[in-house]
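J.: What follows is a protein structure lacking sequence information:
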């Protein structure tokens with residue numbers, strides 16, 4: 001009888017240990033999967049934010065000191081919206097200042113916005129900061145013989 005009780009206790013103990021190990025294994029696997037998903041999701045969001053900022057940088061650089069601003073108007077409007085959605089608080093504030101000045105004067109400088117996007121992107125990409133302003137190149141183009149072509 002004592003031997004039977006010992007066997008039952010050993011069986012219960014074995015079941016208890018196996019059950020605990022199984023539950024811990026499932027919980028560990030779930031937690032590991034959750035951490036992987038979370039990391040991949042953050043990475044995907046970071047990459048998308050970087051791409052939006054690169055696109056905005058290019059658009060603002062094209063628009064800066066450009067006599068044919070209508071060429072980039074749609075992209076420019078989208079870049080302004082993207083910055084207000086994904087930009088840093090400082091960058092959003094600079095865009096708002098630009099929009100206020102542009103509404104008042106029908107003209108405003110994009111230099112501060114471009115420099116800030118460049119700084120933020122270089123930091124995000126792990127690149128060293130660059131001092132100084134961004135210089136735009138504008139090449140005069142002869143008028144086109146095609147009405148919708150500004151090149």
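T.: Structure's in. What do you need? Quick caveat: nothing in here was measured; it's all calculated off a predicted structure.

J.: Show me what the lengthiest helix in the chain is packed up against.
T.: Longest helix in the chain by number of residues, with DSSP state H as the criterion: helix 2-63. The contact analysis (3 or more C-beta pairs under 8 Å, 6 or more residues apart in numbering; DSSP states H and E) places helix 2-63 against helix 73-86, helix 111-124. The way it works is simple: take the backbone N, C-alpha and C, and place the C-beta from them, glycine included.

J.: rerun at 10 Å
T.: Judged by 3 or more C-beta pairs under 10 Å, 6 or more residues apart in numbering; DSSP states H and E, helix 2-63 is in contact with helix 73-86, helix 89-105, helix 111-124.

J.: Okay, angle between the first one and helix 111-124 too, please.
T.: Calculated by axes from the mean of the first three to the mean of the last three C-alpha atoms, to 10 degrees, helix 73-86 forms an angle of 60 degrees with helix 111-124.

J.: just checking, what packs against helix 73-86?
T.: Helices and strands touching helix 73-86, by 3+ C-beta pairs under 10 Å, 6+ apart, are helix 2-63, helix 89-105, helix 111-124.

J.: need these in TSV with mean pLDDT, can you?
T.: Below are the helices and strands packed on helix 73-86 laid out as TSV (pLDDT from 0 to 100):
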stretch	mean pLDDT
helix 2-63	80
helix 89-105	96
helix 111-124	93
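
J.: So which of those helices is the most surrounded?
T.: helix 111-124 (a mean of 18; mean count of other C-beta atoms under 10 Å).

J.: neighbouring contacts of it?
T.: 46, 49-50, 53-54, 56-61, 63-65, 79-80, 83, 87-88, 90-91, 93-95, 97-98, 110, 127-136 (C-beta atoms under 10 Å, 6 or more residues apart in numbering).

J.: For the helices and strands packed on helix 73-86, give me CSV that also has distance to residue 73.
T.: CSV is the format used below for those (distance: least, C-beta to C-beta, whole Å):
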stretch, distance to residue 73
helix 2-63, 8
helix 89-105, 12
helix 111-124, 16
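
J.: For residue 72, find the nearest of the ones you listed.
T.: For those, proximity to residue 72 was assessed by C-beta to C-beta; helix 2-63 is nearest, at 4.9 Å.
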